[in-house]
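>>> My questions are about this predicted structure, shown below with the sequence.
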Amino acid sequence: MMLIRTGHARDGPFHAPKIGIPGRVSTAARPTVDSDGTLRNPHGIIRRMASLLFLSRLDQSALLQQVPGLRCSGATRSPDAARAAADWLGVSLPQAPAALRWTADSDREMPTSWLACMDPVTMAADMRELHLLDACPGLAPSEADALAETVLPSVRERGLRLHRPGPDRWYLASAESLAFQAASPAVVSAGRIRGELPTGPDATVVAALSNEIQMLWHEHPVNRERAAGGRAPVNAVWIWGGGPAAVAGPAPARPDRLPPLYSRDPLLQGLWSRLGGTIGEPPHPEDLSGLLAGGCVASMDDRDLPDTMARGLSRMRGLRIVTGEGLTAEVPGSMLSVLRRWARRS
């Protein structure tokens, strides 16, 4: 049995989301908010001269093999895509990550004053440590119903409520706050779990519930059927993104003050909705290069990275890439000549 314990991050800790506290801006002065809600930056409007690209299935070492010469962030990681995007914009998270994702996941009213994501996942243990293998294990609605029925008593006895807008995206709600930090499953699945275990005053509550659910699902009929069909078990939950559901901080920026978002990630969609930005469907990889050159935020499949970058290098004015484990790499203007040479060799 794989037990989740509370822990402290090893070298390379992530920064937990700070609700209502401005994020660190590395290359520009901090934006200010006018009385009419317009978000301004002394060096341009919200990094208008650059783009942000999320590559959830590619880690930084693999990225550097494909595109040598990038300027990497070192050990500083973002716990989730919303925090990475907010830091890049130089703004605060208007809500906790769970509340932001709920905005895109459900048209129902926010259920409570405190909310956390509790996502079904696939975990496995080797001789040394625990691994989160799949953050999106493809649960059918009937499978999700059966698994949820099993865990409801454990959730309710802790004064929590379970909400399920979709089969594979679940939420814990409570009138009382739980103080803990944990990275998103997407970040955790890119590496080892040892440094990603929940931390904070109420981390033991989260770990106890997670362990209990693991035991309940270990020999669950759903997982026996999945195993018989050659599918991975859904044998654990990952609880993360908890915080106040109420909107914090200044009024959102005007829609024309934000770069457009091209992503199906509900966490990023929820953030852009709260900030008043424009959201579009991810374009075909053949078209993404031009959008990145013009300034946008996008997520894409890592296999398309080299071609799309090569096609837009002559117009690209700078790019930040966030890889699966929450690390960042920069494509500053000074690197364009290096990348053009790389593109010609390709």
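On my side now, so go ahead.
>>> any low-confidence regions in the protein?
1-49, 68-69, 74-75, 190-195, 248-256, 301-317, 332-346 (pLDDT under 70).
>>> since we're on the residue lying closest to residue 278 once chain neighbours are set aside, how many residues are nearby?
Nearest non-adjacent residue to residue 278, counting by Cβ to Cβ, 6 or more residues apart in numbering: residue 260, 4.4 Å away. (Glycine included, C-beta is placed from N, CA and C.) Neighbour count of residue 260, defined by other Cβ atoms under 10 Å: 16.
>>> mind checking how far residue 260 is from residue 90?
Per Cβ to Cβ, to the nearest Å, residue 260 is found 18 Å from residue 90.
>>> What of residue 163?
Applying Cβ to Cβ to residue 163 and residue 90 gives a distance of 32 Å.
>>> what does residue 273 give?
Taking Cβ to Cβ, one finds residue 273 at 19 Å from residue 90.
>>> between those two, which one's more packed in?
Neighbour count, other Cβ under 10 Å: between residue 273 and residue 90, residue 90 has more, with 21 against 17.
>>> ok, which stretches of the stretch 101-250 of the chain are strands?
Here the stretch 101-250 of the chain has its strands, by DSSP state E, counting those that start in this stretch, at 114-125, 130-134, 161-166, 169-174, 236-244.
>>> what's the nearest residue to residue 182 once chain neighbours are set aside in contact with, if anything?
Leaving aside its chain neighbours, residue 182 sits nearest to residue 240 (4.1 Å; criterion: Cβ to Cβ, 6+ apart). Going by Cβ atoms under 8 Å, 6 or more residues apart in numbering, residue 240 touches 79, 80, 97, 98, 116, 117, 119, 182, 183, 184, 185, 198.
>>> repeat for residue 243
Residues in contact with residue 243 (Cβ under 8 Å, 6+ apart) are 17, 19, 95, 96, 97, 98, 99, 114, 115, 116, 177.
>>> quick one: residue 210 from residue 53, how far?
32 Å.
>>> my bad, should have said residue 145
Residue 145 sits 37 Å away from residue 53, going by Cβ to Cβ.
>>> So these two - more neighbours on which side?
Comparing residue 145 with residue 53 by other Cβ under 10 Å, the one with more neighbours is residue 53, at 23 against 13.
>>> in which helix or strand would I find the more buried one?
If you go by DSSP states H and E, residue 53 is part of strand 51-55.
>>> In its sheet, which strands sit next to that strand, and in what direction?
Partners of strand 51-55 in the sheet, by DSSP bridges, are strand 297-299 (parallel), strand 319-323 (parallel).
>>> Out of the ones you listed, flag the one nearest residue 203.
Set against residue 203 and scored by Cβ to Cβ, those come closest in strand 319-323, at 25.3 Å.
>>> Following the chain onward from that closest one, which element is next?
strand 328-331.
>>> Just name whatever secondary elements that next one is in contact with.
Packing contacts for strand 328-331, counted by 3 or more Cβ pairs under 8 Å, 6 or more residues apart in numbering; DSSP states H and E, involve helix 60-66, strand 71-72, strand 319-323.
>>> Using CSV, please lay out these together with distance to residue 233 and mean neighbour count.
Converted to CSV, the helices and strands packed on strand 328-331 look like this (distance: least, Cβ to Cβ, whole Å; neighbours: other Cβ atoms under 10 Å):
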stretch, distance to residue 233, mean neighbour count
helix 60-66, 27, 15
strand 71-72, 35, 14
strand 319-323, 27, 25
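>>> wait, which of these is closest to residue 216?
So among the helices and strands packed on strand 328-331, strand 319-323 is nearest, using Cβ to Cβ, at 33.9 Å.
>>> Now tabulate the helices and strands packed on strand 328-331 in CSV and tack on distance to residue 294.
Output for the helices and strands packed on strand 328-331, formatted as CSV (distance: least, Cβ to Cβ, whole Å):
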stretch, distance to residue 294
helix 60-66, 22
strand 71-72, 22
strand 319-323, 12
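>>> Go through those and name the closest to residue 280.
strand 319-323 (18.3 Å).
>>> any residues touching that closest one, and which ones?
50-55, 58-60, 62-63, 70, 78, 81, 84, 88, 190, 292, 309, 328-331.
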